[in-house]
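S.K.: Mind folding the following:
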Amino acid sequence: MSATPPMHAPAPQGGAEEGSHTPSHQGRPIGAQRGRLIDRVGATAVLTAAAVAGAGLTPGLTAQAEAATLSGKVLRIAAAKKGAPYVYGAAGPSRFDCSGLVMWSYRKLGRKLPRTAQAQYNKANHIAKSSREPGDLVFFHQGTRVYHVGIYAGSGRIWHAPHSGARVRLEKIWTKNVWYGRIG
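M.R.: Next up is the predicted model:
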């Protein structure tokens, strides 16, 4: 019995043209974007298997599966608050400031975070932009001071409570002055 299935299955016989590295499905080229989706689905299957099998069979993958599950849940929780009004100092359940939305979303999953964006940055495991994944935190900074936080949703966008007069929303990251963090 194999503990972990391979991440990439070989292309079926008669798939892509000879010499081509394009994945295929039932003899048709599937394209790079769809091929990446299949790769992600394969990775998700491995992580799901690790979560189901438990730490005994796949100790390294179990932590990754738990993190993937946490990030997906935190995104759904934050997204469910779309349209909630921004109120300075509010931490839910119907009004939020930026760090209040993050704190509330993670608290719903049993994770305790500090109250302010700066304190949340200090607690997070800092990661590179190239390592960011949906569910990670995006910290906006000026110099060394963190002044805003949101939850990374993928494709350069975040869920956040932006400012007075605004509501919780999904928005594109508007500056390069950001740092990334992960809650373990």
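S.K.: neighbours around the closest residue to Glu133 other than its chain neighbours, how many?
M.R.: Of all residues beyond its chain neighbours, the one nearest Glu133 is Ser71 (6.3 Å), with distances taken as Cβ to Cβ, 6 or more residues apart in numbering. For glycine as for every other residue, the C-beta is placed from the backbone atoms N, C-alpha and C. A count of nearby residues for Ser71, using other Cβ atoms under 10 Å, gives 19.
S.K.: Ala161: what's it in contact with?
M.R.: Neighbour list for Ala161: Ala84, Tyr86, Phe96, Asp97, Cys98, Gly100, Leu101, Arg167, Val168 [criterion: Cβ atoms under 8 Å, 6 or more residues apart in numbering].
S.K.: Sketch out the helices for this structure, chain order is fine.
M.R.: 32-53, 59-79, 98-107, 117-123 (DSSP state H).
S.K.: Break this protein into its domains for me.
M.R.: What automatic domain parsing lists as the domains of the chain is 1-53, 63-182.
S.K.: Going by mean pLDDT, which of these comes out lowest?
M.R.: Note on the domains of the chain: lowest mean pLDDT is at domain 1-53, with a mean of 43.
S.K.: ok so, going back, could you work out the most separated pair of the contacts of Ala161?
M.R.: Gly100 and Arg167 (13.4 Å; Cβ to Cβ).
S.K.: Of those two, which one has the most company?
M.R.: Neighbour count, other Cβ under 10 Å: between Gly100 and Arg167, Gly100 has more, with 23 against 14.
S.K.: That one contacts Ala91, correct?
M.R.: Yes. In this structure Gly100 lies within contact range of Ala91 using Cβ atoms under 8 Å: 3.5 Å.
S.K.: Name the residues contacting each of these two.
M.R.: Common neighbours of Gly100 and Ala91 (Cβ under 8 Å, 6+ apart) are Arg115.
S.K.: Alpha carbons of the strand ranked longest in the chain, as PDB, please.
M.R.: For the chain, the strand with the greatest residue count under DSSP state E is strand 145-154. Only the C-alpha atoms of strand 145-154 are listed here, as PDB (Å, rounded to 0.1, in the frame of the first residue of the first chain):
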ATOM      1  CA  ARG A 145       4.400  50.400  11.100                       C
ATOM      2  CA  VAL A 146       1.500  48.100  10.100                       C
ATOM      3  CA  TYR A 147      -1.700  50.200   9.700                       C
ATOM      4  CA  HIS A 148      -4.200  47.800   7.900                       C
ATOM      5  CA  VAL A 149      -4.800  44.000   7.500                       C
ATOM      6  CA  GLY A 150      -7.000  41.900   5.200                       C
ATOM      7  CA  ILE A 151      -7.400  38.200   4.400                       C
ATOM      8  CA  TYR A 152      -5.900  37.100   1.100                       C
ATOM      9  CA  ALA A 153      -8.500  35.700  -1.300                       C
ATOM     10  CA  GLY A 154      -6.200  34.900  -4.200                       C
END
